[in-house]
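**Student:** next come a sequence and a model predicted from it.
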Amino acid sequence: MGIYRRWMAESVRQALETWRVVSIAGARQCGKTTLASLLPQTGMTCRSLDESIYLRSAKEDPATFLRHAPGTTLFIDEIQKAPTLLPAIKRMVDGSNEPGQFLLTGSANLHAIPEATESLAGRLHSSRLRTLSEGEIRGVLPSFPSRAFSGDFPVRLESGGKVEIVSLAFRGGYPEPVRIAAGKRATWQRDYIGHLLRHDIADVSEIRRLGKLQAMFMFLAARSSKFLNIAEISSTLEIAKASAENYISALEAMFLFDRVEAWTPRDYDRAIKRPKWFIGDTGLMCAALKWREDEVLFDSDKCGKLVESWVYHELGAAVDAADGFSIFHYRDREQREIDFILENDVGELVGIEVKAGSVVGVDDFRHMDWFARNLGLGRWKRSIVLYSGSDTLSFGKGRLAVPLIALCA
């Protein structure tokens with residue numbers, strides 16, 4: 001199995017030289033332990049809480065479990081299994097400001113675990129690791145966010161068009177399905193989903209109605225890239241609204257789904273705007289819903305949701321690795337929508353619309369044109385339509401049609 005150069009590796013290495021505690025968080029089997037193993041190993045000791053002897057020791061005698069030589073790093077894998085270690089870690093690092101004392105990996109968001117009573121605020125640097133991006137698989141650097149602001153895209157990129165993008169989305173980015181034969185991927189992905197929902201969910205929530213949880217996963221997977229209506233979900237699945245919210249929070253905590261917040265002129269307005277939800281890996285989406293590639297290619301609704309979800313994954317991985325960028329979406333009461341808005345650290349904005357098809361016209365820019373005139377004055381840098389063609393084309397006035405494959409070129 002090939003070892004891929006992860007875009008987050010350098011930022012994790014630098015964080016260990018600055019922060020007392022560094023965390024790598026992401027879904028199970030996304031490559032966290034492999035990434036940690038590729039960091040400089042001199043002076044690093046690994047203890048995985050997947051091993052029962054270490055887990056018992058961590059829970060019964062945290063102080064002894066955490067002991068390690070000064071000037072070295074203790075790497076604790078799957079920290080969410082023993083969140084009671086966090087207060088003990090806090091006490092240790094409060095006694096020394098030496099960087100790189102602990103490297104933690106976790107398959108659940110610690111802030112969502114009730115037993116995690118210590119946040120390590122001011123002591124912890126956390127990095128998100130997604131499943132493999134296509135750019136990482138191809139061995140290229142994450143250049144799309146900076147190119148979106150500069151407009152410096154290749155004039156032409158060899159692309160298999162919509163067929164290629166759909167195929168990449170079906171494969172997904174978990175390292176094991178990337179390695180194995182295409183005919184075996186869906187089986188691996190469905191087994192993975194089943195294991196997480198039957199067993200690993202206990203790390204983040206006490207959910208007993210597993211059938212309803214599985215139905216919730218299917219419901220959210222089928223609506224990736226859409227807005228969620230809690231009332232509709234609770235009615236469809238015949239569960240209370242509070243239970244629906246609890247299930248969604250648990251799936252989000254396990255990095256199976258992500259939310260993209262709405263862009264607003266004022267940050268404090270964001271809390272009242274509806275987020276869009278995306279599945280964390282499009283391979284899981286296709287496997288769970290038992291989609292076929294030939295079916296999706298000719299179904300505009302399924303293809304649109306799948307391609308936009310794939311774009312989010314690629315864009316999210318690039319933004320995570322490149323400092324100074326954030327992802328939002330936009331929708332207003334007049335039904336004007338922009339799939340994604342990138343904001344850089346000086347407040348400049350780039351709009352991105354996603355089209356699964358290969359034809360682009362001026363009308364595809366109309367909502368971004370309105371935004372630029374009315375809300376983006378002095379901040380709007382460029383409007384981009386990602387499409388399944390091969391050529392980067394200008395439509396004047398800061399408008400570009402850019403091949404989807406540019407996300408990983």
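**Tutor:** Yep, that arrived.
**Student:** can you map out the strands along the protein?
**Tutor:** 21-25, 44-48, 73-77, 102-106, 124-128, 226-227, 257-260, 276-279, 325-331, 337-344, 349-354, 380-387, 393-394, 399-403 (DSSP state E).
**Student:** possible to save those as TSV with mean neighbour count and distance to residue 370?
**Tutor:** From N, CA and C alone the C-beta is placed, and that goes for glycine too. Shown next, in TSV, are these (neighbours: other CB atoms under 10 Å; distance: least, CB to CB, whole Å):
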stretch	mean neighbour count	distance to residue 370
strand 21-25	25	37
strand 44-48	16	52
strand 73-77	23	49
strand 102-106	24	42
strand 124-128	18	32
strand 226-227	13	20
strand 257-260	19	20
strand 276-279	24	19
strand 325-331	19	10
strand 337-344	20	9
strand 349-354	24	10
strand 380-387	23	10
strand 393-394	12	20
strand 399-403	23	13
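**Student:** figure out which of those strands is closest to residue 164.
**Tutor:** With respect to residue 164, and counting by CB to CB, the nearest of these is strand 399-403 at 10.3 Å.
**Student:** neighbouring contacts of that closest one?
**Tutor:** 151, 153, 157, 159, 360, 362, 364-365, 368-369, 382-395 (CB atoms under 8 Å, 6 or more residues apart in numbering).
**Student:** and for stretch 189-197?
**Tutor:** With CB under 8 Å, 6+ apart as the test, stretch 189-197 has contacts from 28-29, 172, 174, 177, 210, 213-214, 217, 254, 256, 283-284, 286-288.
**Student:** let's see it at 6 Å
**Tutor:** Residues outside stretch 189-197 that contact it (CB atoms under 6 Å, 6 or more residues apart in numbering) are 213-214, 283-284, 287-288.
**Student:** which one of those residues is nearest residue 306?
**Tutor:** Distance from residue 306 was checked for each of those by CB to CB. The minimum falls on residue 283, at 10.4 Å.
**Student:** quick one: contacts for the nearest residue to the closest one once chain neighbours are set aside?
**Tutor:** Excluding the flanking residues, the one nearest residue 283 by CB to CB, 6 or more residues apart in numbering is residue 172, at 1.8 Å. Under the criterion of CB under 6 Å, 6+ apart, the contact list for residue 172 reads 281-283.
**Student:** which stretches of the stretch 101-250 of the chain form helices?
**Tutor:** Shown for the stretch 101-250 of the chain, the helices assigned by DSSP state H, counting those that start in this stretch span residues 134-138, 144-150, 161-171, 175-179, 182-198, 210-222, 230-237, 241-253.
**Student:** buried stuff in the fifth one?
**Tutor:** Neighbour-count burial for helix 182-198 flags 185-186, 188-189, 192-193, 196-197 (criterion: 16 or more other CB atoms under 10 Å).
**Student:** okay, these in a markdown table with distance to residue 247 and pLDDT next?
**Tutor:** A markdown table is the format used below for the buried residues of helix 182-198 (distance: CB to CB, whole Å; pLDDT from 0 to 100):
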| residue | distance to residue 247 | pLDDT |
| --- | --- | --- |
| 185 | 26 | 96 |
| 186 | 24 | 96 |
| 188 | 24 | 97 |
| 189 | 20 | 97 |
| 192 | 18 | 97 |
| 193 | 14 | 97 |
| 196 | 13 | 94 |
| 197 | 10 | 93 |
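**Student:** okay, now the unreliable bits of the stretch 1-150 of the chain?
**Tutor:** 1-2, 114-117 (pLDDT under 70).
**Student:** burial measure for the closest residue to residue 69 other than its chain neighbours, as a count.
**Tutor:** In space, not counting the residues next to it along the chain, residue 69 is nearest to residue 43; the distance is 7.8 Å by CB to CB, 6+ apart. The burial metric for residue 43, expressed as a neighbour count using other CB atoms under 10 Å, is 13.
**Student:** swap in residue 214?
**Tutor:** Applying the criterion other CB under 10 Å, we find 16 residues in the vicinity of residue 214.
**Student:** contacting residues for it?
**Tutor:** By CB under 6 Å, 6+ apart, the contact set of residue 214 is residue 197.
**Student:** tell me the spacing between it and residue 229.
**Tutor:** Computed as CB to CB, to the nearest Å, the residue 214 to residue 229 distance reads 20 Å.
**Student:** do residue 390 as well
**Tutor:** Distance, residue 390 to residue 229, using CB to CB: 38 Å.
**Student:** so which of the two has more stuff around it?
**Tutor:** Neighbours per residue (other CB under 10 Å) separate residue 390 from residue 229, with residue 390 holding more: 17 against 12.
**Student:** that one touches residue 162, doesn't it?
**Tutor:** No: the pair residue 390 and residue 162 fails to qualify as a contact (CB atoms under 6 Å) at a distance of 11.6 Å.
**Student:** residue 55 against residue 49, yeah?
**Tutor:** Yes: under the criterion of CB under 6 Å, residue 55 is in contact with residue 49, at a separation of 4.8 Å.
**Student:** more crowded one of the two?
**Tutor:** Under the neighbour definition other CB under 10 Å, residue 55 and residue 49 were set side by side, and residue 49 has more, 22 against 17.
**Student:** the more buried one: what's it in contact with?
**Tutor:** The contact partners of residue 49, by CB under 6 Å, 6+ apart, come to 55, 78, 81-82.
**Student:** and if we set it to 10 Å?
**Tutor:** Under the criterion of CB atoms under 10 Å, 6 or more residues apart in numbering, the contact partners of residue 49 comprise 55-59, 65, 76-82, 85, 105-106.
**Student:** then residue 293?
**Tutor:** By CB under 10 Å, 6+ apart, the contact list for residue 293 reads 163, 166-167, 169-170, 182, 286, 306.
**Student:** how about a cut-off of 6 Å?
**Tutor:** Residue 293 makes contact with 166, 170 under the criterion CB under 6 Å, 6+ apart.
**Student:** state the distance from it to residue 287.
**Tutor:** Using CB to CB, which is the criterion applied here, residue 293 is 12 Å from residue 287.
**Student:** try residue 388
**Tutor:** 23 Å.
**Student:** cool, residue 53 as well?
**Tutor:** Going from residue 53 to residue 287 by CB to CB gives 34 Å.
**Student:** tell me the domain boundaries of this structure?
**Tutor:** Here the chain is described, according to automatic domain parsing, as comprising the domains 9-128, 134-408.
**Student:** can you redo the ones you listed as TSV with distance to residue 3?
**Tutor:** As requested, the domains of the chain are arranged in TSV below (distance: least, CB to CB, whole Å):
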stretch	distance to residue 3
domain 9-128	7
domain 134-408	9
